[in-house]
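Student: Predicted model follows, preceded by the sequence.
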Amino acid sequence: MKMIQPVSEKSKLEHEDWFTWGASVQKGDDDKFHMVYCRWPKKYPFSDGWLIDAELCYAVSEYPTGPFTYVKTILTGKRAEGADKSWDNASVYNPHLKKFNGKYYLYYTGTCDPYTEGHSMDRGVLVRHQRIGVIEFDAFESLLAGNFVRKEEPLLAPLSNYGYNVPEHEHFGDKENITAANIVVVNPSVAQRPDGKYILVFKGWQNKKGFGPIHGVAVSDSPTGAFEVQPEPIMIVEKAGGGIAMAEDPFIWFNKPRNSFYALVRDFKGDITGQGHSMALFKSADGIKWEPAENVLASDLRVKWENGTVNKVARLERPQLLLDEDGEPQMLYSACAIESPMQENGHSFNIHISLKHK
């Protein structure tokens, strides 16, 4: 078990004129800590900007707790290159950094509006056209120099598009056999199994009225695919009154000492933990079948600072962990907002929380 430690003021990454939302960190061969994170301009409302014009940025620190220093933007929507019809032409977000067999992989989500050129994009269309991509690179110097291939096709796309508010002309796939890869595939998290295969956990949408997030898993022989979506949804928790508990933002990893997979997810309303809006912990033997862990509450929304102040924050989401070689969590990186970022003059930042064994 890990215990959350008080947070230093230096363990934040924020920009005055940008919403900052989600970060993933890997330790490099240079012993520095390398971060890729998401941000979008505050000229857009919080709830729209991540779809319209989010970008992925690189930052670096001598220490896992920070401070992290912004270096440059490394990925934007391909619209900036004139590629109006690309699958990720509008916006890129949900960064997830991994290292497998000596190479680095940046998984991300992108979206587009294939019907509209320029910046006059439809939010509903953008929401329904989210896909998962990946770029591969040998070292962070290569990432900074742009020495990587950005593929023309996504790593994973929805297998069907049936659900509330989806127009008929966008329907595709087997309506009688809808998997979790429905309407969207977002929030990628990837881990390698002991048998060498790779599993990718993602969020899709149920075929139902209203917002109905659901999770699925796909399997591949390579970290760059092709990934085969498994038929059954995962991390299903039935609510007392019926329906499935809403969750998102999965981060999965394999822990060698326990010979098990674990997953952190955002528990929207506390239907998984019973503790209100929080982070929940799941466990799996094979990365395919998941159950709530015995200690299911991973974190509530309280942040304790080193000066003794405790904030009950409005948002603590997009959890990403820094792990040691055995898969023991060392740091938690999360998007955070003290008050609702959707209010006037809203603000958000990334927080870096140290963990230690109990």
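Tutor: Nice, I can see it. If you're wondering where the values come from, they're calculated on a predicted model, not measured in any experiment.
Student: Next, count neighbours for residue 169.
Tutor: 6 (other Cβ atoms under 10 Å). Yep, even glycine has a C-beta here, placed from its N, CA and C like the rest.
Student: Residue 50 in helix, strand or coil?
Tutor: helix (DSSP: H, G, I helix; E, B strand; the rest coil).
Student: Residue 273 and residue 334: what is the separation?
Tutor: To residue 334, residue 273 is 16 Å away according to Cβ to Cβ, to the nearest Å.
Student: those helices in this protein, which residues are they?
Tutor: All helices of the chain, identified by DSSP state H, fall at 46-52, 123-128, 140-145.
Student: Looking at residue 273 and residue 334, which one has more neighbours?
Tutor: Ranked by neighbour count (other Cβ under 10 Å), residue 273 and residue 334 place residue 334 first, with 27 against 22.
Student: so where's this structure shaky on pLDDT?
Tutor: Within the chain, the stretches with pLDDT under 70 are 1-3, 83-84, 117-120, 357-358.
Student: where exactly do the strands run in the stretch 201-350 of the chain?
Tutor: For the stretch 201-350 of the chain, the strands defined by DSSP state E, counting those that start in this stretch cover 213-220, 228-229, 247-255, 260-267, 278-284, 290-299, 302-304, 310-312, 315-323, 329-337, 349-357.
Student: on that earlier part again, just name the most buried of the helices of the chain.
Tutor: helix 46-52 (a mean of 18; mean count of other Cβ atoms under 10 Å).
Student: Point out the other helices and strands that it packs with.
Tutor: strand 18-27, strand 33-41, strand 91-100, helix 123-128 (3 or more Cβ pairs under 8 Å, 6 or more residues apart in numbering; DSSP states H and E).
Student: on that earlier part again, now the helices of the chain in JSON lines, please, with extra columns for distance to residue 61.
Tutor: As requested, these are exported to JSON lines (distance: least, Cβ to Cβ, whole Å):
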{"stretch": "helix 46-52", "distance to residue 61": "24"}
{"stretch": "helix 123-128", "distance to residue 61": "33"}
{"stretch": "helix 140-145", "distance to residue 61": "12"}
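Student: Residue 228: which of those helices is closest?
Tutor: Of all the helices of the chain, helix 123-128 sits nearest to residue 228, with 23.0 Å by Cβ to Cβ.
Student: CA atoms of that closest one as CSV?
Tutor: This file holds the C-alpha atoms of helix 123-128, laid out as CSV (Å, rounded to 0.1, in the frame of the first residue of the first chain):
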residue,chain,number,x,y,z
ARG,A,123,-18.3,20.3,-30.7
GLY,A,124,-20.6,17.3,-31.1
VAL,A,125,-18.7,16.1,-34.2
LEU,A,126,-15.3,16.5,-32.4
VAL,A,127,-16.6,14.5,-29.4
ARG,A,128,-17.7,11.6,-31.7
